[in-house]
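> would you be able to build a 3D model of this:
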Amino acid sequence: MDALNYAKSGFAVFPLHAVKDGRCTCAKSDCSSPAKHPRTVHGLTQASNDPSFVKNLFSCFTYSSANIGIRTGKESNLVVVDVDTAKGGRIEELYNFVPKDALEKTLRVKTGGGFHLYFLYPPNVEIRNSTDKLGNKIDVRGEGGYVVAPPSMHISGKPYEFLNNNKLLPFPQAFVEKLNAAEPKAANGTERSKSNDLETYFNGNRNDSLARVAGKLRHAGLSQSELETALLKINAERCQPPLESKEVLQIARSIARYDVGQEPTVDFETIKNAGDFASLLLTKTANACIEEAKLAPTPKTLFDDFWFEGEICILFADTGLGKSVLAVQIADSITKHSPIGHFALEAAKQTVLFFDCELSQKQFEKRYAVKQDDILTNHYIFDNSFLRCVINRRAAMPKRFTNFEDYLFFSLEYEVARTETRILIVDNITYLKSQTETAKDALPLMKELNRLKDKYQLSIMALAHTPKRDMTRPISVNDLQGSKMLSNFADSIFAIGQSAKDSSLRYLKQIKVRSEEKIYHEENVALCQLIKPDNFLKFEFLTFRNEREHLKHLNEKDKAELIEKVKNLSAQGKKQREIAKEFGISLGAVNKYLNLKI
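As a prediction, this is how the structure comes out:
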């Protein structure tokens, strides 16, 4: 049975890492849960029994690169009893509660180290994950848990297999009573928390999560020994995979130092000594950094010195200056391995995924065809490695996504994985995040783009908008909407400016570079014109010029009129920041004009 058939049968499934060359596909030499942990970032939370969603989710991977995980609990109407015979588990212990012949009548799966018994989830009761409650090395997977399903491959090289074709029987009432036996009370008489909430703690947040749980239990009055007992149990039931016992006991000892009733913070020493803490920072010697850099290929140009391989590049300009035109031209250049005039292209021919949120199909067609007597003809032929991606307006957002932006980012990652592209162009960045003006809004967006870049070795160009700007001043990073945070996380930034001398002329200017020195700076911008000689709207390079030659120069009359307009808006109650935005001038200029006496 494959993932799609599981979904059609009502089981909520999601992809897990698999086995390749005797190792987990996560490629970590110290993987603590080989071929059993989630294959995708969102893991268990993406488990679904929606066939169309599951088909898309698993189509990102080849048949052998993803094992199948089934989410247990109410969502799949499933409880699984896991007997680990390889570690001493004996099914005979279950006969103390249920007759042997009854257990043999339900669906049974052979695992790499024992077997699973599948049961229907009982009504009107909650079954949580547990360890050893039904017997030594006999676990139960219910709410918040999952199991590896056939035909997945165990790290030992043995496949998970169905041992029979039986239907799922109801979960035995004797098991329910045993699992839900009353918990003993704490030393102060309060009832102990039962394995806390139903959250499962995965590799990377297990230690932090257990420390927080321990803090709540200590606040409720548990002693150190009671904390140790409770955390060992929660670790076995909630952590996937469980931490080593010595790490759990260290957490209990650390939290027990706080007085009963005191709200503890996450203890630094506990986290520091944790085996699974993932720091945000990477620290290496300078020499080690250089040695690693020697092994990495030298990035090649995708669009001259404006954009290199492996970079997140931002191209920004005001509306109507040709951002989309240039982006399509760059994509066409890469997919045909044909440089754009003067601008160098060193990278090899490759697939480009162009996420277009600006143009309709008909608008796109008009730009790349010849119009004769109201008929579009002689259409430009793009290379088949140029992939254009648009939003499906008819798609209904699956319930598991809480907002459109999460659904959009997941869909974008899916298309990147499915097409195996290494070049992504996004037109326009505001469709990925509705607000980018503030650091709070821009930070998650740039972090997500960087995550995609690192995970899939992408080169990303994102088109961005600039608010109305002061045409008398050179273009700077301050003209980029959400400038500070976007620029901090971008590798390179360049802009399109419009000539004040001739509105048909455009110029390209580098704003930020990391790979090389700035070539297209204020004194050496690339002057271009927009042309459509046949069936392809494009930028044509003309020459190099000084940016100041193409800026707007105010005469005394123009300046006086501007000052008067600024004062009029201020008199109407407009704030200085609003006035600055209205005329595309700086806040300082507004303040200066308001203080002038005419």
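> which residues touch residue 420?
Applying C-beta atoms under 8 Å, 6 or more residues apart in numbering to residue 420 gives the contacts residue 351. C-beta here means a position set from N, CA and C on the backbone, and glycine is covered the same way.
> next one: residue 97
Contacts for residue 97 (C-beta under 8 Å, 6+ apart) come out as 134, 172, 174, 175, 178.
> equivalent analysis for residue 511, please.
Contacts of residue 511 by C-beta under 8 Å, 6+ apart are 475, 476, 477, 480, 487, 493, 494, 495.
> repeat that with 7 Å
The contact partners of residue 511, by C-beta atoms under 7 Å, 6 or more residues apart in numbering, come to 475, 476, 477, 493, 494, 495.
> tell me the one among those nearest to residue 20.
residue 493 (38.7 Å; C-beta to C-beta).
> rewinding a little: biggest separation within the contacts of residue 511, which pair?
476 and 494 (12.1 Å).
> more neighbours, these two?
For residue 476 against residue 494, the residue with the higher neighbour count under other C-beta atoms under 10 Å is residue 494, and the figures read 27 against 13.
> and that one, that one's in a helix?
No - with DSSP: H, G, I helix; E, B strand; the rest coil as the criterion, residue 494 is located in strand rather than a helix.
> relative to residue 227, how far out is it?
Applying C-beta to C-beta, to the nearest Å, one obtains 57 Å for the distance of residue 494 from residue 227.
> lowest-pLDDT helix or strand in the protein?
Ranking every helix and strand in the chain by mean pLDDT, DSSP states H and E puts helix 268-272 at the bottom, with a mean of 59.
> could you point out which element follows it?
Per DSSP states H and E, the first helix or strand lying C-terminal to helix 268-272 is helix 286-295.
> hmm, residue 495 is touching residue 475, no?
Yes - contact between residue 495 and residue 475 holds when scored by C-beta atoms under 7 Å: they sit 4.8 Å apart.
> what is in contact with these two at once?
Residues touching both residue 495 and residue 475 by C-beta under 7 Å, 6+ apart: 509, 511.
> circling back to that earlier point, among the contacts of residue 97, name the ones in helices.
174, 175, 178 (DSSP state H).
> tell me the contacts of the second one?
This points to residue 175. Contact analysis of residue 175 by C-beta under 7 Å, 6+ apart lists 97, 134.
> what helix or strand is residue 542 located in?
Since the elements are taken from DSSP H and E, residue 542 ends up inside strand 538-545.
> average pLDDT for that strand?
Throughout strand 538-545, pLDDT has a mean value of 94.
> can you tell me what sits against the very next helix or strand once past it?
Counting by DSSP H and E, the element after strand 538-545 in chain order, helix or strand, is helix 556-571. Among residues not part of helix 556-571, those counted as contacts by C-beta under 7 Å, 6+ apart are 579, 582, 583, 590, 593, 594, 596, 598.
> return the member of these nearest to residue 257.
Taking C-beta to C-beta as the measure, residue 257 lies nearest residue 590 of those, at 56.9 Å.
> tell me if I'm right that that closest one and residue 576 touch.
Yes - the criterion here is C-beta under 7 Å, and residue 590 meets it with residue 576 at 4.7 Å.
> so what are the domain limits for this structure?
For the chain, whose domains are defined here by automatic domain parsing, the residue ranges read 3-179, 201-272, 305-550, 556-594.
> mind putting these in TSV, distance to residue 287 included?
Conversion of the domains of the chain to TSV gives the following (distance: least, C-beta to C-beta, whole Å):
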stretch	distance to residue 287
domain 3-179	23
domain 201-272	26
domain 305-550	21
domain 556-594	45
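> could I get the contacts of residue 97 as CSV with distance to residue 541?
Formatted as CSV, the entries for these read as follows, by distance: C-beta to C-beta, whole Å:
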residue, distance to residue 541
134, 75
172, 77
174, 80
175, 75
178, 78
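> please pick the buried ones from these.
Buried members of these, scored by 16 or more other C-beta atoms under 10 Å, are 134, 172, 175, 178.
> give the rounded mean pLDDT of the helix of greatest length in the chain.
Criterion DSSP H: the longest helix present in the chain is helix 439-456. Over the span of helix 439-456, the pLDDT mean works out to 77.
> counting by contacts, list what it packs against.
In terms of contacts (3 or more C-beta pairs under 7 Å, 6 or more residues apart in numbering; DSSP states H and E), helix 439-456 is packed against strand 312-317, helix 404-419, strand 459-465, helix 483-489.
> how about the strands in the stretch 1-150 of the chain?
In order along the chain, the stretch 1-150 of the chain carries the following strands (DSSP state E, counting those that start in this stretch): 13-16, 19-20, 23-24, 67-71, 78-83, 108-110, 115-120, 130-131, 138-141, 146-149.
> partners of the fourth one, with directions?
In this case it means strand 67-71. For strand 67-71, the paired strands and their directions (DSSP bridges) read strand 13-16 (antiparallel), strand 146-149 (antiparallel).
> and those strands as CSV, adding mean neighbour count and distance to residue 249?
As requested, those are exported to CSV (neighbours: other C-beta atoms under 10 Å; distance: least, C-beta to C-beta, whole Å):
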stretch, mean neighbour count, distance to residue 249
strand 13-16, 24, 29
strand 146-149, 24, 27
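> closest one to residue 338 among those strands?
Of all those, strand 13-16 comes closest under C-beta to C-beta, at 38.3 Å.
> as a whole number, average confidence for that closest one?
Regarding strand 13-16, the rounded mean pLDDT is 91.
> okay, it in PDB with CA atoms only?
Below are the C-alpha coordinates for strand 13-16, written out as PDB (Å, rounded to 0.1, in the frame of the first residue of the first chain):
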ATOM      1  CA  VAL A  13       0.000  10.200   6.400                       C
ATOM      2  CA  PHE A  14       3.200  12.300   5.900                       C
ATOM      3  CA  PRO A  15       6.700  11.600   4.500                       C
ATOM      4  CA  LEU A  16       9.600  10.400   6.700                       C
END
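> now that strand, how far from the centre of its chain.
17 Å (C-alpha atoms, centre = their mean, to the nearest Å).
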